[in-house]
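1. need a structure here:
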Amino acid sequence: MAPAATGPGDVGRPRRYETAEVSAAQLTEIRALMDSAFGGDDERFGDDDWAHALGGTHVILEVGGRIATHASVVERAIHVAGRPLRTGYVEAVATAPDLQGRGLGSIAMREVNAIIREGYELGMLGTGRHHFYERLGWRTWMGPAFVRTDAGLVRTPAEEGFLLVLDTPSTPPLDLSTPISCNWRPGDVW
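-> Below you'll find the model as predicted:
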């Protein structure tokens, strides 16, 4: 990738980093970005949300030498109609509040889409901002949603209508009205 831009208004190219490659200073800056973008409210972006964003590939976009936008892709086993699909799940997407509305999120998400299409059978995320993602090729999942637990499948109706998927070259034919399930994890399961 090309070096990041350094001027105050310069936008660098999005860069990809595995979590192990992200410095402690960058992790601190990314977490501060999440807190700022989500209002610093633990209910909106808490420690579990942060943990969900780690362990995969981070897309970082810098403006003027600071991290302006971040998104991460972590692998999850999503089951569609009972069939497991290797899924790139998108977490921790945010742009610094003072830089929102300039297309930085779209630049980062195009890179995220490329990561997912290169290495996964499916892309997935949970959001209430459908328009932003739909214009980048994401589709709303219309079927019932579940979490897989030791006790079996548990329906997650509050998530239904808020889950989006992205097809990749290896995505099997999908019926968006069939059941979908994720593995259990602390915090928001989706």
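2. The residue positioned nearest the centre of the chain sits in which helix or strand?
-> Nearest to the geometric centre of the chain sits V90, at 1.8 Å (C-alpha atoms, centre = their mean). Taking DSSP states H and E as the definition, one finds V90 inside strand 83-95.
3. What helices and strands are in contact with that strand?
-> Helices and strands in packing contact with strand 83-95 are listed as helix 24-37, helix 47-52, strand 66-80, helix 104-119, strand 122-126; criterion 3 or more C-beta pairs under 8 Å, 6 or more residues apart in numbering; DSSP states H and E. All C-beta atoms are positioned from the backbone trio N, CA, C, and that covers glycine.
4. closest one to P186 among these?
-> Distances from P186 to each of the helices and strands packed on strand 83-95 were compared by C-beta to C-beta, and the smallest falls on helix 47-52, at 5.1 Å.
5. ok so, going back, how about the contacts made by the residue nearest to the centre of the chain?
-> For V90, the contacting residues are 71-73, 112, 116, 123-125, taking C-beta atoms under 8 Å, 6 or more residues apart in numbering as the criterion.
6. And it, how far from H70?
-> The span separating V90 from H70 equals 11 Å under the rule C-beta to C-beta, to the nearest Å.
7. could I get the strand or helix carrying Y17 in PDB with only the CA atoms?
-> When secondary structure is defined using DSSP H and E, the element that contains Y17 is strand 15-18. Once side chains and other backbone atoms are set aside, the C-alpha atoms of strand 15-18 remain, and they are given as PDB (Å, rounded to 0.1, in the frame of the first residue of the first chain):
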ATOM      1  CA  ARG A  15      -4.300   0.200   5.000                       C
ATOM      2  CA  ARG A  16      -4.900  -3.400   6.100                       C
ATOM      3  CA  TYR A  17      -3.400  -4.700   9.300                       C
ATOM      4  CA  GLU A  18      -3.900  -8.000  11.200                       C
END
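8. and it, average pLDDT?
-> Mean per-residue pLDDT for strand 15-18: 97.
9. In its sheet, which strands sit next to it, and in what direction?
-> Sheet pairing here is set by DSSP bridges, and for strand 15-18 it gives strand 57-63 (antiparallel).
10. And the helices and strands packed on strand 83-95: which comes nearest G187?
-> Go through these one by one with C-beta to C-beta and the one that ends up closest to G187 is helix 47-52, at 2.5 Å.
11. Quick check: buried residues in the closest one?
-> By neighbour count, with 16 or more other C-beta atoms under 10 Å as the criterion, the buried positions of helix 47-52 are 49-50, 52.
12. Where does the prediction get shaky in this structure?
-> By pLDDT under 70, the low-scoring segments of the chain are 1-10, 40-43.
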